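S.K.: next comes the sequence, and after it the predicted model I'd like to discuss.
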Amino acid sequence: MVNIGLDVASMNEPAVNITSVPNTKLEVSDLTISYGNTPALSNINFSVKEHEIFGIIGPANAGKTSFLKSLNRMDTFDSNMTVDGQILFNGLNIQNLKNIYALRSRIGVVFPLPVGLPLTIYENVALSPRLRGIKKRSDLDIIVEQCLTRAALWDEVKDRLNSLGSLLSGGQQQRLTIARALSQAPDLLMLDEFSIAVDPVTTMRIEDVLKELKKDMTIILVTNLVQQARRLADRTAFFLEGECVEVGVTEELFTGEVKDQRTRDYIEGKFG
């Protein structure tokens, strides 16, 4: 397999030993996010483990997308967004990183709607490796096939790799977006309502892909479909009005005793 990732050392930060939770990929402490004087999230605290699918559920305006933005340091693009607290990723405080681009290279993102580049299917996937210095066509061919295969798209497009990605169906474009994210060889894959514009059959195919991908990476899944969280997530956090109400083993949240009645009410569809 062609190595297309970046070493953590490229972030130019000393390693920090995380001792509070074994095999921790991400640790969030006292995280507060505001837009101007309006808080979006307040005092968020939890850890995400290596090789788990971590679900985040909650109604609109609960702060779910703002949380994802903070992980990818999107506050650097929004002068109105303020992030306080600590986020450790691979043991590094991302607020102190000198090389934000190296951080983003380790985090793949899939948005609610497919974001296709005005390129061929091949070049959509090959772009990130090219930017990292991989120029040899045979190496790029391997990466493109690997990523499209892992995104359950290769068999459908292998004979038209030079066609525009924008000509694919909506579901295929979303899987192309996943393949493009995988071309970064990320440590962490974040999906924000990936199935909002995808048909049920394609949704189930992508869900199967995610179950396989967690063998190689950590996945954070933001979804407004509570049953999707139940099918996929090892643990789930419930966000409501800028608060992380509780975090627990997913099946226990659905079948056991929850700590907060609001969690039960949301899961049962009493509001949302």
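M.R.: That came through, no problem. Residues are numbered from 1 along each chain as shown.

S.K.: and what about the residue nearest to A60 when sequence neighbours are not counted, helix, strand or coil?
M.R.: Spatially, and ignoring its direct neighbours in sequence, A60 is nearest to N224 (7.6 Å; Cβ to Cβ, 6 or more residues apart in numbering). C-betas here are computed from N, CA, C, even on glycine. In three-state terms, and counting by DSSP: H, G, I helix; E, B strand; the rest coil, N224 is coil.

S.K.: N224 touches F239, doesn't it?
M.R.: No: counting by Cβ atoms under 8 Å, N224 does not reach F239; the two are 10.9 Å apart.

S.K.: those two: which is more packed in?
M.R.: Neighbour count, other Cβ atoms under 10 Å: between N224 and F239, F239 has more, with 23 against 17.

S.K.: contacts only, for the more buried one.
M.R.: L41, I56, I57, G58, A62, G63, K64, F67, V245 (Cβ atoms under 8 Å, 6 or more residues apart in numbering).

S.K.: make it 7 Å
M.R.: Contact partners of F239, counting by Cβ atoms under 7 Å, 6 or more residues apart in numbering, are I56, G58, A62, G63, K64.

S.K.: phi, psi of the spatially closest residue to the third one that is not a sequence neighbour?
M.R.: It refers to A62. Among residues not flanking A62 along the chain, F239 sits closest, at 4.0 Å (Cβ to Cβ, 6+ apart). The phi/psi pair for F239 (degrees, to the nearest 10) reads phi -100, psi 140.

S.K.: so E252 belongs to a strand, correct?
M.R.: No: assessed with three-state DSSP, E252 is helix; it does not lie in a strand.

S.K.: that one and I219, how far apart?
M.R.: E252 is 19 Å from I219, where distance means Cβ to Cβ, to the nearest Å.

S.K.: who's more crowded, those two?
M.R.: With neighbours defined as other Cβ under 10 Å, E252 and I219 compare such that I219 has more, 26 against 12.

S.K.: which residues does that one bridge with?
M.R.: On the basis of DSSP bridges, I219 is bridged to I53, L189.

S.K.: residues in contact with it?
M.R.: Per Cβ under 7 Å, 6+ apart, neighbours of I219: I53, F54, L189, L191, L210, L213.

S.K.: which of those sits closest to P129?
M.R.: L189 (16.7 Å; Cβ to Cβ).

S.K.: next, count neighbours for that closest one.
M.R.: Neighbour count for L189, taken as other Cβ under 10 Å: 23.

S.K.: give me every residue that touches it.
M.R.: Taking Cβ under 7 Å, 6+ apart, one finds G108, A181, L213, M217, I219 in contact with L189.

S.K.: among these, which ones are buried?
M.R.: G108, A181, L213, M217, I219 (16 or more other Cβ atoms under 10 Å).

S.K.: worst-scoring helix or strand of the chain, pLDDT-wise?
M.R.: Ranked by mean pLDDT, DSSP states H and E, the helix or strand of the chain with the weakest confidence is helix 100-105, at a mean of 84.

S.K.: continuing past that one, what's the next helix or strand?
M.R.: strand 107-110 (DSSP states H and E).
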